[in-house]
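Engineer: here is the input, now give the coordinates:
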Amino acid sequence: MATEPILQVEALHVQFGRQVVLRNISMDIPRGQTLAIIGESGCGKTVLLKTIIGLIQPQQGHVTFDGQVMEKLAPKELARERLRFGFVFQNAALFDSMTVAQNIMFPLRQHRTNSRGQQEQEMLAHLAEVGLPTSVLEKRPAELSGGMRKRVGLARALVMQPEVLLYDEPTTGLDPIVSDVINELMIRTRDRYSVTSIIVTHDMKTARKVADRVVMLYPISRLDADEPQIIFDGSPAEIDVTRDRRVSQFVRGEAGDRLMETRQSQAIEEIS
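Structural biologist: Okay, here's the model as predicted:
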């Protein structure tokens with residue numbers, strides 16, 4: 001695996017009004033790496049994903065993609081660079097009024113000039129790649145199960161042959177078997193296309209099975225002013241032996257200190 005960074009996040013700071021969501025986030029993501037970003041709800045995982053692709057502008061710091069600073073690109077240049085990304089949204093974000101076939105071909109019709117026949121061939125190839133039968137082609141998203149919608153979303157992301165795939169909670173809301181199907185598809189996609197993958201997830205099974213590297217963010221509201229927001233950065237094997245209690249409690253799914261904090265908060269409210 002190459003070690004050249006395809007993405008560099010440097011001293012990133014994002015806030016909405018007075019609420020700071022990301023504080024001094026820095027990391028290099030080597031080309032071909034699969035990175036899982038974990039952390040409890042509200043810690044800024046999805047905001048980081050959207051900032052990386054340029055959907056959110058940081059107040060400080062910057063994101064460099066393949067040598068270019070994303071925030072400094074003109075709108076047309078930024079739109080062109082985004083075509084090198086594939087985004088698999090949490091709820092698939094399919095167009096309700098379109099069929100499966102139309103959803104998958106949508107990026108091709110917007111950005112490619114090849115013939116309709118060629119586009120249909122690409123669509124069918126990626127449909128098969130995510131394990132869906134041609135019988136779903138004329139169905140609307142509402143007629144599909146959650147797992148099938150996720151697979152259609154992945155097929156749509158793949159048709160543009162992206163260099164970087166961004167996954168936002170790819171297994172949320174799915175049963176364990178279907179979740180593992182999605183995990184296997186992510187592994188197969190990585191191996192077949194040698195893409196760089198960034199996966200935002202709460203699912204530790206996904207992080208352990210799919211990722212080469214795991215980064216854990218912590219909510220700003222629960223950190224001291226001088227504490228880093230990234231509280232873990234290492235391999236899936238290393239996360240299981242970390243001595244940081246905040247990380248180990250999250251990995252094991254234990255309330256731990258959070259339960260004590262809740263009780264203390266309730267006691268303070270009762271006193272006041």
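
Engineer: now do the buried residues in stretch 41-49.
Structural biologist: For stretch 41-49, a neighbour-count test (16 or more other C-beta atoms under 10 Å) marks 43, 44, 45, 46, 47, 48, 49 as buried. For glycine as for every other residue, the C-beta is placed from the backbone atoms N, C-alpha and C.

Engineer: from the chain's centre, how far out does that stretch sit?
Structural biologist: On the basis of C-alpha atoms, centre = their mean, to the nearest Å, stretch 41-49 sits 10 Å off its chain's mean C-alpha point.

Engineer: go on, stretch 127-147?
Structural biologist: 22 Å.

Engineer: who does the helix or strand residue 167 falls within touch, helix- and strand-wise?
Structural biologist: In this structure, residue 167 sits in strand 164-168 according to DSSP states H and E. Contacts defined by 3 or more C-beta pairs under 8 Å, 6 or more residues apart in numbering; DSSP states H and E place strand 164-168 against helix 45-52, strand 85-88, helix 176-193, strand 196-200.

Engineer: the shortest one pairs with which strands?
Structural biologist: Sheet partners assigned to strand 85-88 using DSSP bridges are listed as strand 164-168 (parallel).

Engineer: what do you get for the last one?
Structural biologist: Sheet neighbours of strand 196-200, with direction, are listed as strand 34-38 (parallel), strand 164-168 (parallel) (DSSP bridges).

Engineer: so that strand versus helix 176-193, what angle?
Structural biologist: If you take axes from the mean of the first three to the mean of the last three C-alpha atoms, to 10 degrees, strand 196-200 sits at 160 degrees to helix 176-193.

Engineer: hmm, who's touching strand 196-200?
Structural biologist: For strand 196-200, the surrounding residues in contact (C-beta atoms under 8 Å, 6 or more residues apart in numbering) are 6-7, 29-37, 45-46, 48-49, 52, 163-170, 186, 189-190, 206-207, 210-211.

Engineer: wait, which of the strands paired with strand 196-200 is closest to residue 239?
Structural biologist: Proximity to residue 239 (C-beta to C-beta) singles out strand 34-38 among these, at 8.5 Å.

Engineer: what angle sits between that closest one and helix 45-52?
Structural biologist: Going by the same axes, to 10 degrees, strand 34-38 makes 130 degrees with helix 45-52.

Engineer: appreciated, that's everything.
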